[in-house]
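**Student:** sequence-free structure coming up:
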Ligand SMILES: [Zn+2]
């Protein structure tokens, strides 16, 4: 203790080689005035003094000495019980300095006795038994991660917006292409007659090889081919007829319907249209004309050098002319058929184009709706982004938030015990853990309030501690 009593019961400080009386137990106490420790009074060994008082250490004495002497070691008597308060301020607040561990019952008894009190506990021995985290640091970390989340949002928005932009661009291109086709078909329909002639020419020039044909188109093309073949056949007949006409005519009277032909240019089964005469009689008035009666006759005369063969070409004329007439009739029938087909084809193509135009128009409208939806989607994304941005901008501006955190969480620390010391849980009075240069006030089961030692002392002196 720092004060003893003299014989007149007055408080005295220790001086070398002096003695005093303990104000509690009235036993003699000896002044200890060494070089190192603060001067103090000590009981003689085996003295039974205040049972509450633990062995006083230099830590106790230094703390007490921070305050006015008139506040130090104040004797409080209540219901015949007498105890020394380490510090009692002029406002009656008791400060108990606790160096060693203490039972929870003892804590409760002292708190009931002193009532208005606070504890200062020496944490030197167990300060490594805590994990302590600054709430400012914690909250600033959280703020930073919130803000990086915000930047993630922006990045996500940009990505999403880009995807939508791409989709939009594709749709616009698709609409453009379809509209182009639509306009072309629309123009084709307006100039259908001209268009159809081109179309018809294309169809004739094997246009059909490039796409699936309508049935009318197929029939029409088939007929055209048949007509071409018939024309060829007609030409062949004409050529054959021309060949017979190109032979030299017979000059003999009444036989001018015949032509001169060599035996090897005609088949012997045509003997019945064949006649012969002797070459030397050709210029006579009435040459003898012999009609051939058989193939063997034909063969026999063919071997005679002085006989000229003449053939009645009226047979061939009739044969090829009839054939050509038949072919032309056939062509006429097919051409009529194709005229009807062409009208049908015209209708089919026209209505086919109309259908395609309507189809395209529907497709374009559908695409335009899709585009509108996409634009709306994009606007919504933009709107959300703006709302988020505005929200962040108004209330969460980083600098402001930082200042707010520093202000609100100043000196606040989160703590947890590595190995719990439960006895202080039963205290109902403020507890300050002395960490040397500063104290931590226990605010809750997991929160400390840091206070500089100088500031703590100043608050006690100003009676503003709580
Ligand atoms: Zn004593």
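**Tutor:** Sure, I can see it. Keep in mind the model is a prediction, meaning the values are calculated, not measured.
**Student:** what number of residues lie near the nearest residue to residue 384 once chain neighbours are set aside?
**Tutor:** Using C-beta to C-beta, 6 or more residues apart in numbering and skipping the chain neighbours, the partner closest in space to residue 384 is residue 157 (7.9 Å). Yep, even glycine has a C-beta here, placed from its N, CA and C like the rest. Burial measure for residue 157: 17 neighbouring residues, criterion other C-beta atoms under 10 Å.
**Student:** same question, the one 5 residues further on
**Tutor:** As a burial measure, residue 162 scores 10 neighbours (other C-beta under 10 Å).
**Student:** what helix or strand does it sit in?
**Tutor:** Of the helices and strands defined by DSSP states H and E, residue 162 is found in helix 135-190.
**Student:** off-centre distance for that helix?
**Tutor:** Here the centre of helix 135-190 is set off from its chain's centre by 9 Å, with C-alpha atoms, centre = their mean, to the nearest Å.
**Student:** distance of residue 294 relative to the ion?
**Tutor:** In this view, residue 294 and the ion are 179 Å apart by C-beta to the ion, to the nearest Å.
**Student:** nearest residue to that residue in space, please, no chain neighbours.
**Tutor:** Among residues not flanking residue 294 along the chain, residue 271 sits closest, at 6.3 Å (C-beta to C-beta, 6+ apart).
**Student:** who does the helix holding residue 162 touch, helix- and strand-wise?
**Tutor:** Applying 3 or more C-beta pairs under 8 Å, 6 or more residues apart in numbering; DSSP states H and E, one finds that helix 135-190 contacts helix 314-395, helix 398-408, strand 412-417.
**Student:** mean neighbour count for the ones you listed - can I get that in TSV?
**Tutor:** Converted to TSV, those look like this (neighbours: other C-beta atoms under 10 Å):
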stretch	mean neighbour count
helix 314-395	14
helix 398-408	13
strand 412-417	16
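**Student:** dump these to a markdown table, plus mean pLDDT and distance to residue 139.
**Tutor:** Putting the helices and strands packed on helix 135-190 into a markdown table (pLDDT from 0 to 100; distance: least, C-beta to C-beta, whole Å) gives the following:
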| stretch | mean pLDDT | distance to residue 139 |
| --- | --- | --- |
| helix 314-395 | 87 | 15 |
| helix 398-408 | 87 | 4 |
| strand 412-417 | 90 | 9 |
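**Student:** need the ones you listed in TSV with distance to the ion, can you?
**Tutor:** What follows is the helices and strands packed on helix 135-190, written out as TSV (distance: least, C-beta to the ion, whole Å):
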stretch	distance to the ion
helix 314-395	63
helix 398-408	48
strand 412-417	36
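**Student:** reformat those as TSV; add distance to residue 229.
**Tutor:** Conversion of the helices and strands packed on helix 135-190 to TSV gives the following (distance: least, C-beta to C-beta, whole Å):
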stretch	distance to residue 229
helix 314-395	10
helix 398-408	90
strand 412-417	102
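**Student:** tell me what the helix or strand of the chain with the lowest mean pLDDT is packed against?
**Tutor:** With mean pLDDT, DSSP states H and E as the measure, the helix or strand of the chain carrying the lowest mean pLDDT is helix 192-204 (a mean of 75). Contacts defined by 3+ C-beta pairs under 8 Å, 6+ apart place helix 192-204 against helix 215-246, helix 314-395.
**Student:** apart from its neighbours in sequence, what residue is nearest residue 331?
**Tutor:** Closest residue to residue 331 in three dimensions, ignoring its sequence neighbours and counting by C-beta to C-beta, 6+ apart: residue 230, at 5.0 Å.
**Student:** ok, the residue sitting nearest the centre point of the chain - contacts?
**Tutor:** Residue closest to the mean C-alpha point of the chain, counted by C-alpha atoms, centre = their mean, is residue 160 at 5.6 Å. Listed by C-beta atoms under 8 Å, 6 or more residues apart in numbering, the contact partners of residue 160 are residue 381.
**Student:** let's go with 10 Å and repeat that
**Tutor:** For residue 160, the contacting residues are 377-378, 381, 384-385, by C-beta atoms under 10 Å, 6 or more residues apart in numbering.
**Student:** could the residues you listed be laid out in a markdown table, adding distance to residue 125?
**Tutor:** Rendered in a markdown table, the data for the contacts of residue 160 read as follows (distance: C-beta to C-beta, whole Å):
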| residue | distance to residue 125 |
| --- | --- |
| 377 | 66 |
| 378 | 66 |
| 381 | 60 |
| 384 | 57 |
| 385 | 56 |
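**Student:** surely residue 43 meets residue 49?
**Tutor:** Yes. Residue 43 is in contact with residue 49 according to C-beta atoms under 10 Å; the separation is 5.7 Å.
**Student:** common neighbours of these two, please.
**Tutor:** Looking at what touches both residue 43 and residue 49 (by C-beta under 10 Å, 6+ apart), the common residues are 1, 22, 24-25, 27, 29.
**Student:** just the contacts of residue 160 now: which is nearest residue 319?
**Tutor:** Residue 319 has its nearest neighbour among these in residue 377, at 82.3 Å by C-beta to C-beta.
**Student:** which non-adjacent residue is nearest that closest one?
**Tutor:** Among residues not flanking residue 377 along the chain, residue 164 sits closest, at 6.2 Å (C-beta to C-beta, 6+ apart).
**Student:** who touches the one you found in this structure?
**Tutor:** Residues touching residue 164, when contacts are defined by C-beta under 10 Å, 6+ apart, comprise 374-375, 377-379, 381-382.
**Student:** need the pLDDT of the residue in the stretch 51-200 of the chain positioned nearest to the ion.
**Tutor:** The minimum distance from the stretch 51-200 of the chain to the ion, using C-beta to the ion, falls at residue 53 (8.1 Å). Per-residue confidence at residue 53 stands at 74 (pLDDT).
**Student:** same check, this time on residue 151
**Tutor:** Residue 151 is assigned a predicted lDDT (pLDDT) of 65.
**Student:** quick one: residue 305 is in a strand?
**Tutor:** No. Assessed by DSSP: H, G, I helix; E, B strand; the rest coil, residue 305 does not belong to a strand; its assignment is coil.
**Student:** quick one: residues contacting it.
**Tutor:** Applying C-beta under 10 Å, 6+ apart, one finds that residue 305 lies in contact with residue 279.
**Student:** the ion contacts on the stretch 1-150 of the chain?
**Tutor:** Within the stretch 1-150 of the chain, the positions lying close to the ion (C-beta under 5 Å from the ion) are 22, 24-25, 49.
**Student:** one more pass at 6 Å, please.
**Tutor:** Taking C-beta under 6 Å from the ion as the criterion, the stretch 1-150 of the chain approaches the ion at residues 22, 24-25, 27, 43, 49.
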